[in-house]
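**Q** attaching a predicted model along with its sequence, questions to come.
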Amino acid sequence: MPYTRADGASRLPGLVRPAAEALRRAGPAWLTVVASLLLSLLGVYAIDVAESVKPTVLPDLSPTALRQLLFVVVAIAASVAIALPNYRLFGYASWFLMAIGIALLVFLLVPFVPASIVRPRNGARGWIDLGPVDLQPSELVKIAYVLVLAWYLRFRSNYRTFRGLLPPAIITAIPVGLITLQPDLGTSMLFIPALFAVLVAAGAKLKHLVIIVLIAMMAAPAAYPLLKPHQKERIVGLLLQVEGDPRADLGINMQSVTAQRVVGAGGIAGAGNERARTLLHFNALPERHTDMVFAVICTRFGLLGGLATLGLYLMWAVGALLTSGLCREPFGRLVIVGLTGFLAAQVFVNVGMNVGILPIVGITLPYLSHGGSSMVMVWLMTGLVLNIALRRPKLTLRTSFEYADDE
């Protein structure tokens with residue numbers, strides 16, 4: 001219980017004061033932590049709705065939902081572990097972590113590795129079978145990439161020229177190229193928004209970035225012949241859907257059309273627990289516990305539920321970016337911006353897939369989609385945000401990225 005000092009001032013017990021101090025120091029980062037927890041629990045429930053026709057409660061959740069709950073527990077433990085050491089230690093180790101990630105990506109592409117270790121899924125060699133769980137190296141590389149990029153840029157200014165943008169581009173091209181070869185075009189394209197977010201936060205000139213975007217947009221059609229047949233079909237299917245062609249409901253576009261149908265069935269406020277489960281069961285939505293889990297949420301909770309879910313992601317990003325703004329040290333600031341760029345891009349692409357405005361590219365929804373690697377990695381992102389919030393260093397002695405509006 002609280003006690004009073006001789007001078008009459010109230011003090012907290014010794015065990016409570018450190019916790020209270022940590023809460024105070026973390027500040028807006030707790031928005032990110034709370035959003036992560038609510039999204040994770042929502043994901044467990046949504047997976048149960050998608051997998052089980054009859055309403056269930058803990059411990060009678062569907063096997064997939066119970067497995068997801070276990071992933072959440074492990075991921076939170078990993079988040080706590082990464083929040084304990086000073087985050088700058090990860091900067092010193094960033095190139096080593098990136099090297100491990102690149103080595104794992106190369107290992108996935110070695111043709112003679114047995115299928116018992118690297119088993120293609122939907123045509124992509126993106127997972128390493130570790131027995132009870134699977135490891136998706138591209139998830140590890142996301143975090144290692146942000147650490148490397150932030151560590152490289154923290155005291156530099158050469159990237160404010162076109163030539164200076166070449167090293168960050170090379171750092172990005174290596175993992176992007178290897179992930180594209182799996183082939184996993186969806187994951188590889190998430191690196192570009194993260195790169196641009198970090199460069200903008202570090203002070204790169206917007207006119208240079210705009211020129212690069214325009215060049216990339218003009219060059220994009222040239223990459224179409226290099227796509228796999230199923231990737232081409234998805235793009236064609238989306239165009240047919242936009243045109244209102246009845247052929248859009250067939251073949252490769254069936255998953256997208258089914259997702260839109262069950263989203264619409266949720267209406268404004270949702271279809272109710274039992275009815276939502278029945279709708280999802282008889283509509284047979286493919287990948288409803290992974291890529292299409294947002295459609296499950298909209299079926300169960302309607303438009304309002306979908307908007308509330310997006311609101312939780314916004315809460316995550318606001319907490320993270322406010323923490324970035326409060327951090328005076330350049331490495332910490334850039335790490336948070338890069339992680340936020342990855343999460344925002346992934347949410348945008350996945351939701352766009354579910355509502356039919358983007359082609360299906362196999363992107364999961366952070367915290368909500370079933371998967372151990374992805375769950376652990378997004379909670380590691382949360383742990384890094386909290387880590388940086390708990391350690392607000394004094395102003396660095398070296399000049400970081402603070403620039404006037406030079407031309």
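**A** That came through fine.

**Q** quick one: buried residues of the longest helix along the chain?
**A** Counting residues, the longest helix found in the chain (DSSP state H) is helix 293-326. In terms of neighbour count (16 or more other CB atoms under 10 Å), helix 293-326 has its buried residues at 293-302, 305-306, 309, 312-313, 315-317, 319-324, 326. Every residue, glycine included, has its C-beta placed from N, CA and C.

**Q** for it, name the packing helices and strands.
**A** Contact partners of helix 293-326 among helices and strands, from 3 or more CB pairs under 8 Å, 6 or more residues apart in numbering; DSSP states H and E: helix 29-51, helix 254-265, helix 273-283, helix 330-355, helix 372-390.

**Q** now the angle from the longest one to helix 29-51?
**A** Read it as helix 330-355. Angle, helix 330-355 to helix 29-51, by axes from the mean of the first three to the mean of the last three CA atoms, to 10 degrees: 30 degrees.

**Q** what of the third one?
**A** Between helix 273-283 and helix 29-51, the angle comes out at 60 degrees (the same axes, to 10 degrees).

**Q** from residue 149, how far out is the residue nearest to residue 206 when sequence neighbours are not counted?
**A** Here the nearest residue to residue 206 in space, its sequence neighbours aside, is residue 200; by CB to CB, 6 or more residues apart in numbering that works out to 7.1 Å. In this structure, residue 200 and residue 149 are separated by 13 Å, where distance is defined by CB to CB, to the nearest Å.

**Q** of these two, who's got more company?
**A** Legend: neighbour count by other CB atoms under 10 Å for residue 200 and residue 149, higher for residue 149 (26 against 14).

**Q** buried sites along the helix or strand hosting residue 193?
**A** Assigned by DSSP states H and E, residue 193 belongs to helix 191-202. The neighbour-count check on helix 191-202 (16+ other CB under 10 Å) flags 191-199, 201-202 as buried.

**Q** among the residues you listed, which one lies nearest to residue 77?
**A** Of all the buried residues of helix 191-202, the one with the least separation from residue 77 (CB to CB) is residue 194, at 25.7 Å.

**Q** so who does the closest one touch?
**A** For residue 194, the contacting residues are 142, 145-146, 149, 338-339, 341-342, 345, taking CB atoms under 8 Å, 6 or more residues apart in numbering as the criterion.

**Q** dump the residues you listed into a markdown table; add pLDDT and distance to residue 97 as well.
**A** Below are these laid out as a markdown table (pLDDT from 0 to 100; distance: CB to CB, whole Å):
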| residue | pLDDT | distance to residue 97 |
| --- | --- | --- |
| 142 | 94 | 11 |
| 145 | 95 | 9 |
| 146 | 96 | 10 |
| 149 | 93 | 12 |
| 338 | 95 | 14 |
| 339 | 96 | 14 |
| 341 | 94 | 19 |
| 342 | 95 | 16 |
| 345 | 94 | 21 |
